[in-house]
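> Okay, predicted coordinates and the sequence, questions at the end:
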Amino acid sequence: MRMIDIIIKKRDHHELTTDEIKYFVNGYTDGSIPDYQMSALTMAILLNGMNDRETFDMAQAMLKSGDELDLSDIKGIKVDKHSTGGVGDKISIPLAPLVASCGAKNPMISGRGLGHTGGTLDKLESIPGFSVDETEEQFKDQVKEVGTAIVSASTNVAPADKKIYALRDTTGTVEAIPLIASSIMSKKLASGTDALVFDVKCGNGAFMKDKAHAEKLAKTLLAIGKQHGTKCVAVLTNMNQPLGNTVGNSLEIKESIDILKGEGPKDTTELTLNLGSHMLVLAEIAKDLDEARAMLEAHIKDGSALAKLREMIKAQGGNEKVVDDPSLLPLAKHQYDVKAPADGYVTEINTNEIGMVSVYLGGGRLKKSDKVDPGVGLIIHKHLGDQVKAGESLVTVYSNQDYDEEIAQDVLNSYQISGQPAPKEDLIYEVLQQD
Ligand code: URA
């Protein structure tokens, strides 16, 4: 087999065989296929697509490129959630302890920030002492004892994905459904979970900008899960504005704590309850979504979800006192407001740009080697549809530099303020089940 023939075949719109897919995944992972040939192929896949069979084969080949966790000695149905990536998306942090407090076993392998989107691991690391690196044994023991653990994938979980993703990030080939679906599924299936809830983000802050593409991605994820024997549900959700009131690592931890205290913003609380309900149903802890929601709400009200968060933080070496005293979280030295230039209504927010501002402040990485600053970020005061008065704060910037005109201008340019309100947008568009 030769890589050049595979590239030409995909360039000319033909279907690749299972063996050809295994050949390029394995060859790229072991270094025998060079970056330039793999970039040509990923671009051909982005332009010409892959059918469901090819996408499944690619996910399988990437999954088999490394270790698969065996969680069979943990009793019960293991259930996890995965978001395709957004801005201000801190949902995993309140969700994991919340479902665990209801008895679910939630082994969560999470990621770091990608492009303009934040990463759960970077957020958790803003808790003093918190470690996302656990051995397989520690991970399993924590899921057995605490009910949840949020960790980083060990270097040998889906190594093919690590290499292919890094290449896509720098070759303009991120936004391809077969590549996103195989990337996500290779990691998630390697984590040994029995069931998965996908939060497929859709809008100007997501990789999928419109509903048709988000739906196609959701269906592809569900089909791969089905073929692998993993029960999955996909929820299509709005990413046309930052989720909740905060963007940035420590700030998002504080909001996550508020959600579990019952004092969180409406949208992040609703999404946590919605996704959590699907998880409890898949885990057969609740018979239907209504029963699941009632359980989740009760565990927020009686403090057991918050207690589970303390337990999870402690188990991972973090200072659990942050739950009761969020001032223990690192916070940037300087704060300034970006104010509305005129009266009107917020009709559009360039969510991608808001995510990038947080990255520019140091909350994410522009280069792989960059160190993340846990204390920087944004508090979003005005959301889509809100009425604003000239001079009112749209956003408070938390920065470790003095006032920066460029940052303030970027934030301001992200907001469209018009005389007429735009129609309210739904937070949750639709739920897709496996056939
Ligand atoms: N998340 C992933 O894990 N992979 C992608 O390709 C995109 C989002």
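Everything's here; your move. Numbering: from 1, shown residues only.
> Could you use CA atoms for every contact and neighbour count after this?
OK.
> which SS class is the nearest residue to residue 341 once chain neighbours are set aside?
For residue 341, ignoring the flanking residues on the chain, the nearest one in space by Cα to Cα, 6 or more residues apart in numbering is residue 390 at 5.2 Å. Using DSSP: H, G, I helix; E, B strand; the rest coil, the structure places residue 390 in coil.
> For the stretch 1-150 of the chain, which segments are assigned as strands?
When assigned using DSSP state E, counting those that start in this stretch, the strands of the stretch 1-150 of the chain occupy the ranges 79-83, 106-110, 148-152.
> The ligand: which of the ones you listed is closest?
The ligand lies closest, by Cα to the nearest ligand atom, to one member of the strands of the stretch 1-150 of the chain: strand 79-83, at 7.7 Å.
> now that closest one against strand 148-152, angle please.
40 degrees (axes from the mean of the first three to the mean of the last three Cα atoms, to 10 degrees).
> Just put the strands of the stretch 1-150 of the chain in JSON lines and tack on distance to residue 423 and mean neighbour count.
Below are the strands of the stretch 1-150 of the chain laid out as JSON lines (distance: least, Cα to Cα, whole Å; neighbours: other Cα atoms under 10 Å):
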{"stretch": "strand 79-83", "distance to residue 423": "26", "mean neighbour count": "25"}
{"stretch": "strand 106-110", "distance to residue 423": "35", "mean neighbour count": "25"}
{"stretch": "strand 148-152", "distance to residue 423": "37", "mean neighbour count": "26"}
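> TSV please, covering those and showing distance to residue 191 and mean pLDDT.
Listed next are the strands of the stretch 1-150 of the chain as TSV, based on distance: least, Cα to Cα, whole Å; pLDDT from 0 to 100:
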stretch	distance to residue 191	mean pLDDT
strand 79-83	10	96
strand 106-110	7	92
strand 148-152	11	95
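> Minimum distance to residue 68: which of those has it?
strand 106-110 (12.2 Å; Cα to Cα).
> Please determine whether that closest one lies in contact with the ligand.
No. Interface with the ligand: strand 106-110 contributes nothing (Cα under 6 Å from any ligand atom), its closest point being 8.8 Å away.
> pull the CA atoms of that strand into PDB?
Output in PDB follows, covering the C-alpha atoms of strand 106-110 (Å, rounded to 0.1, in the frame of the first residue of the first chain):
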ATOM      1  CA  ASN A 106     -18.800   8.900  35.800                       C
ATOM      2  CA  PRO A 107     -15.300   8.300  34.500                       C
ATOM      3  CA  MET A 108     -14.400  11.500  32.700                       C
ATOM      4  CA  ILE A 109     -11.400  11.900  30.500                       C
ATOM      5  CA  SER A 110     -11.300  15.600  29.500                       C
END
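> strands paired with that strand, and their directions?
strand 148-152 (parallel) (DSSP bridges).
> Which neighbouring elements make contact with the very next helix or strand once past the partner strand?
Remark: after strand 148-152, the chain's next helix or strand is helix 159-169, criterion DSSP states H and E. Judged by 3 or more Cα pairs under 8 Å, 6 or more residues apart in numbering; DSSP states H and E, helix 159-169 is in contact with helix 18-29, helix 35-48, helix 52-63, helix 177-190.
> Residue 9 and residue 21 touch, don't they?
No. Residue 9 is beyond contact range of residue 21, at 11.8 Å (criterion: Cα atoms under 8 Å).
> Looking at those two, which one has more neighbours?
More crowded of residue 9 and residue 21, by other Cα atoms under 10 Å: residue 21, with 20 against 15.
> Return the residues in contact with the residue in the stretch 151-300 of the chain that the ligand sits nearest to.
Per Cα to the nearest ligand atom, residue 180 is where the stretch 151-300 of the chain lies closest to the ligand, at 3.5 Å. Contacts for residue 180 (Cα atoms under 8 Å, 6 or more residues apart in numbering) come out as residue 174.
> hang on, the earlier thing: including mean pLDDT and distance to residue 425, could the helices and strands packed on helix 159-169 go into JSON lines?
Putting these into JSON lines (pLDDT from 0 to 100; distance: least, Cα to Cα, whole Å) gives the following:
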{"stretch": "helix 18-29", "mean pLDDT": "98", "distance to residue 425": "40"}
{"stretch": "helix 35-48", "mean pLDDT": "98", "distance to residue 425": "30"}
{"stretch": "helix 52-63", "mean pLDDT": "96", "distance to residue 425": "31"}
{"stretch": "helix 177-190", "mean pLDDT": "94", "distance to residue 425": "25"}
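> want to throw the ones you listed into CSV with distance to residue 271?
What follows is these, written out as CSV (distance: least, Cα to Cα, whole Å):
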stretch, distance to residue 271
helix 18-29, 36
helix 35-48, 31
helix 52-63, 28
helix 177-190, 20
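> could you point out which element follows the helix or strand hosting residue 338?
Assigned by DSSP H and E, residue 338 belongs to strand 334-339. Using DSSP H and E, the helix or strand that directly follows strand 334-339 along the chain is strand 344-349.
> Which strands and helices lie in contact with that next one?
Short answer (3+ Cα pairs under 8 Å, 6+ apart): strand 344-349 packs on strand 387-388, strand 415-418.
> Show me how far the last one is from its chain's centre.
By that I understand strand 415-418. 27 Å (Cα atoms, centre = their mean, to the nearest Å).
> so how many other residues sit close to the closest residue to the ligand within the stretch 251-400 of the chain?
The stretch 251-400 of the chain approaches the ligand most closely through residue 352 (14.4 Å), counting by Cα to the nearest ligand atom. Residue neighbour count, defined by other Cα under 10 Å, stands at 23 for residue 352.
> Can you check the pLDDT for it?
At residue 352, the predicted lDDT confidence score is 96.
> would it count as being in a helix?
Yes. Looking at residue 352 with three-state DSSP, it is inside a helix.
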